[in-house]
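S.K.: need a 3D model of the following:
(one chain, ligands or ions: 1)
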Amino acid sequence: MRKQIAAANWKMNLSHQEADSLLDQLLASQHHLSSNQAVILAVPAIYIPLAVQKLNGKSNIFVAAQNCHQKSNGAYTGEIAASMYASVGVHHIILGHSERREFFAESDSLLAEKTEAVLAIGSTPIFCCGEPLSIREAETQNSFVEAQLKNALFQLSADQIVKVVIAYEPIWAIGSGKTATSEQAQEIHAYIRSVFAAKYGQNIADQISILYGGSVKAANAKEIFSQPDVDGGLVGGASLIATEFAAIINALKP
Ligand code: PGA
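M.R.: Numbering: from 1, shown residues only. Next up, the predicted model:
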């Protein structure tokens, strides 16, 4: 059974005090997670030590980074390497979020390098893909997303690809309050799985967790997560409200 994952993407939000209090509220909601479920909190890098310390000893709850540099060290002022995150206990890293692709010009080939860097040190990339509105309107989202996956991930071996978590996030649904319908999510998630099956075989494709992202909230999580090829969500806005995110965690399939 592939993992069911509720991942929070705090983006560039919250003061240290607010982060501290949100973590406390989340921990107080006492989730019982099955061994097949995981909660991942991608907090701003500067709050990672705080989050790691608070989550110490909790099983199936992990702290994540929102990005990393593709090199392992060197003269890259302001950047953080995947190995540095690992050295403070962070082994999950979001890569290729649409905001990084758009505002920091991250290309598929750069993301291929970053993905390999994260896998090389034994950490888990949470690789984001997804189409803009114009592509959805032209109904070419499948080939658009397929190209993102091929260009950034198809150099990986089967042993490597099973360690990658995919987050499909249609850009038109991010922070817009417009969610893909559960049918739209299922359709493209099944397509993404078929792309991996064609390259790596069905057995490998069936092991890859594919999360949905884009205006997931307590009110729609259950319906979206219940789709057979949706293995949880990557959640922005609603992850900043403890009761919302707690309900989203509870909406995961067992
Ligand atoms: P949203 O963001 O839930 O606020 O739409 C999702 C994301 O960007 O990961």
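S.K.: all helices of this protein, in order?
M.R.: 16-28, 48-55, 82-87, 98-103, 108-120, 133-137, 141-153, 158-161, 182-200, 202-205, 218-225, 242-250 (DSSP state H).
S.K.: out of the ones you listed, which gets nearest to the ligand?
M.R.: helix 98-103 (6.8 Å; Cβ to the nearest ligand atom). In this view, the C-beta of every residue, glycine as well, is placed from N, C-alpha and C.
S.K.: follow-up on the earlier one: will you turn the helices of the chain into JSON lines that also has mean pLDDT?
M.R.: Below are the helices of the chain laid out as JSON lines (pLDDT from 0 to 100):
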{"stretch": "helix 16-28", "mean pLDDT": "97"}
{"stretch": "helix 48-55", "mean pLDDT": "98"}
{"stretch": "helix 82-87", "mean pLDDT": "98"}
{"stretch": "helix 98-103", "mean pLDDT": "97"}
{"stretch": "helix 108-120", "mean pLDDT": "98"}
{"stretch": "helix 133-137", "mean pLDDT": "95"}
{"stretch": "helix 141-153", "mean pLDDT": "98"}
{"stretch": "helix 158-161", "mean pLDDT": "98"}
{"stretch": "helix 182-200", "mean pLDDT": "97"}
{"stretch": "helix 202-205", "mean pLDDT": "98"}
{"stretch": "helix 218-225", "mean pLDDT": "97"}
{"stretch": "helix 242-250", "mean pLDDT": "97"}
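S.K.: format those as TSV; extra columns: distance to the ligand and mean neighbour count.
M.R.: Converted to TSV, the helices of the chain look like this (distance: least, Cβ to the nearest ligand atom, whole Å; neighbours: other Cβ atoms under 10 Å):
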stretch	distance to the ligand	mean neighbour count
helix 16-28	15	15
helix 48-55	17	18
helix 82-87	19	19
helix 98-103	7	16
helix 108-120	16	19
helix 133-137	14	14
helix 141-153	15	18
helix 158-161	22	16
helix 182-200	13	18
helix 202-205	23	15
helix 218-225	11	19
helix 242-250	10	20
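S.K.: dump those helices into a markdown table; add distance to Gln37 as well.
M.R.: As requested, the helices of the chain are exported to a markdown table (distance: least, Cβ to Cβ, whole Å):
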| stretch | distance to Gln37 |
| --- | --- |
| helix 16-28 | 15 |
| helix 48-55 | 15 |
| helix 82-87 | 23 |
| helix 98-103 | 26 |
| helix 108-120 | 22 |
| helix 133-137 | 30 |
| helix 141-153 | 24 |
| helix 158-161 | 22 |
| helix 182-200 | 18 |
| helix 202-205 | 21 |
| helix 218-225 | 11 |
| helix 242-250 | 8 |
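S.K.: for Ala7, find the nearest of those helices.
M.R.: Ala7 lies closest to helix 242-250 among the helices of the chain, at 9.8 Å (Cβ to Cβ).
S.K.: between the closest one and helix 218-225, how many degrees?
M.R.: Interaxial angle, helix 242-250 versus helix 218-225 (axes from the mean of the first three to the mean of the last three Cα atoms, to 10 degrees): 20 degrees.
S.K.: so what's whichever residue of the stretch 101-250 of the chain sits closest to the ligand scoring on pLDDT?
M.R.: The ligand sits closest to Gly236 of the stretch 101-250 of the chain, with a gap of 2.3 Å, by Cβ to the nearest ligand atom. pLDDT, Gly236: 97.
S.K.: Asn142 versus that one, what's the distance?
M.R.: Look at Gly236 and Asn142: by Cβ to Cβ, to the nearest Å, they are 24 Å apart.
S.K.: that older thread, how close does the residue of the stretch 101-250 of the chain closest to the ligand sit to Met12?
M.R.: Distance, Gly236 to Met12, using Cβ to Cβ: 11 Å.
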